[in-house]
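> All I have is the shape, not the residue letters:
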């Protein structure tokens with residue numbers, strides 16, 4: 001075998017090896033990234049001892065509901081409410097959700113819990129914005145910015161969401 005053929009074979013082997021393994025040299029391992037394994041949105045507010053899980057808005061025609069869970073990771077009770085732009089009037093509206101005991105989770109609209117009867121702006125397939133309040137005060141990040149959540153709006157005609165719409169409201 002000539003030197004030229006050996007160099008061509010070596011270069012070809014290096015190209016194939018680099019092409020098939022090169023992606024693991026330069027990119028992040030996707031399985032190590034945290035993600036929300038649900039249809040809804042989640043947020044952590046460790047400085048306020050509060051976690052919000054799987055929040056989404058289900059709508060079909062004139063029926064709609066907000067579902068999700070709120071976890072109080074602190075020791076003291078926390079009064080949680082929601083602020084949103086009303087989907088009909090456009091007015092900013094506040095609604096009490098619950099006072100949650102320390103170390104407890106409060107479900108909205110599933111696990112036998114009643115729905116939260118709100119009318120938000122947005123259409124199925126889109127997004128809408130809500131804001132949670134803790135003890136009547138806005139939740140702010142370290143820079144002092146108000147924390148607003150952009151949550152998905154899902155179609156209540158789909159079987160997996162239809163049953164959630166039919167829960168009794170608070």
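That came through, no problem. The shown structure was predicted, so the numbers you read here are calculated from the model rather than taken from an experiment.
> I'd guessed residue 95 sits against residue 82; true?
Yes - contact criterion Cβ atoms under 8 Å: residue 95 and residue 82 qualify, at 5.4 Å. C-betas here are computed from N, CA, C, even on glycine.
> what residues go with each domain of the chain?
3-32, 41-165 (automatic domain parsing).
> Please list all residues in contact with the residue most central in space within the chain.
Residue closest to the average C-alpha location in the chain (Cα atoms, centre = their mean): residue 41, at 0.7 Å. With contact taken as Cβ atoms under 8 Å, 6 or more residues apart in numbering, residue 41 is in contact with 52, 54, 55, 56, 68, 149, 150, 151, 152.
> out of everything not next to it in sequence, what's closest to it?
The shortest distance from residue 41 to any non-neighbouring residue, by Cβ to Cβ, 6 or more residues apart in numbering, is to residue 151 (4.5 Å).
> The one you found: which element?
Secondary structure from DSSP states H and E places residue 151 in strand 149-155.
> again, but for residue 43
Per DSSP H and E: strand 41-45 holds residue 43.
> Buried residues, that strand. List them.
The neighbour-count check on strand 41-45 (16 or more other Cβ atoms under 10 Å) flags 41, 42, 43, 45 as buried.
> One more: stretch 108-124?
Neighbour-count burial for stretch 108-124 flags 108, 109, 113, 115, 116, 118, 119, 120, 121, 122, 124 (criterion: 16+ other Cβ under 10 Å).
> Filter the contacts of residue 41 down to the buried ones.
Counted by 16+ other Cβ under 10 Å, these give 52, 54, 55, 56, 68, 149, 151, 152 as buried.
> Give the residues shared as contacts by residue 95 and residue 82.
With Cβ under 8 Å, 6+ apart as the test, residue 95 and residue 82 both reach 116, 118.
> Looking at these two, which is more packed in?
residue 82 (21 against 14; other Cβ atoms under 10 Å).
> Enumerate the strands of this protein by residue range, in sequence order.
Secondary structure of the chain (DSSP state E): strands at 41-45, 50-60, 63-72, 78-85, 92-100, 105-108, 127-134, 137-138, 149-155.
> Return the angle between stretch directions for the first one and strand 63-72.
What it means is strand 41-45. Between strand 41-45 and strand 63-72, the angle comes out at 30 degrees (axes from the mean of the first three to the mean of the last three Cα atoms, to 10 degrees).
> so what strands line up beside strand 41-45?
Strand 41-45 has the following strand partners under DSSP bridges: strand 50-60 (antiparallel).
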